[in-house]
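Engineer: I would like to see how this sequence folds:
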Amino acid sequence: MKVVHARDVVSQRRASGQFTGDAWGDVLHEPGDSAAGSRVNLVLFAPGGRTWWHRHDRGQSIYVVSGAGIVKTEGQPGTEIAPGDLVVVAPSEWHWHGAAPDHFVLHLTVNEGNEGSTEWRGIEVLDEEYEAEVRAARGSREAR
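Structural biologist: Numbering: from 1, shown residues only. Predicted coordinates:
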């Protein structure tokens, strides 16, 4: 058994070139050098903060702890996410995720494999694209 004590986890600002806006993360568990196992992160995005386009060769699960966010997969409209929502991203699916423009979002991510299992496309989600996806996601909610 392994117990990860909160006092031993150091919050780190997420790298520019992979994130837009303010994002902080706590690495709760890493599988080490092995490709087996899961990497678990707790990530906090400030309002409007988001990842750049990326994918995970073995997929990713995103569980929303608090706040409000947006997630988008390539070829599909953006979707609002809220506390208790679970997003399951298929292996190698290009996507981005982050906070709504008017809320923080805190989510737990589980990625199968080590840090090298994430591929960053090197393409930022520009403000215009982000704002269009937010409008579309909120518009589809209001139409329901």
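Engineer: Tell me the spacing between A100 and R14.
Structural biologist: Noted for A100: a distance of 18 Å to R14, by Cβ to Cβ, to the nearest Å. Using the backbone N, CA and C atoms, a C-beta is placed for each residue, glycine as well.
Engineer: The two: who's more crowded?
Structural biologist: In this comparison of A100 against R14, neighbours counted by other Cβ atoms under 10 Å, the higher total goes to A100 at 22 against 19.
Engineer: residue contacts, the more buried one?
Structural biologist: 47-48, 67-70, 80, 134 (Cβ atoms under 8 Å, 6 or more residues apart in numbering).
Engineer: and G48, how many residues sit next to it?
Structural biologist: A total of 20 residues lie near G48 under the criterion other Cβ under 10 Å.
Engineer: Could you say which helix or strand holds it?
Structural biologist: With elements delineated by DSSP states H and E, G48 resides in a region that no helix or strand encompasses.
Engineer: That one: what's it in contact with?
Structural biologist: Applying Cβ under 8 Å, 6+ apart, we find G48 in contact with 20-21, 98-101, 130.
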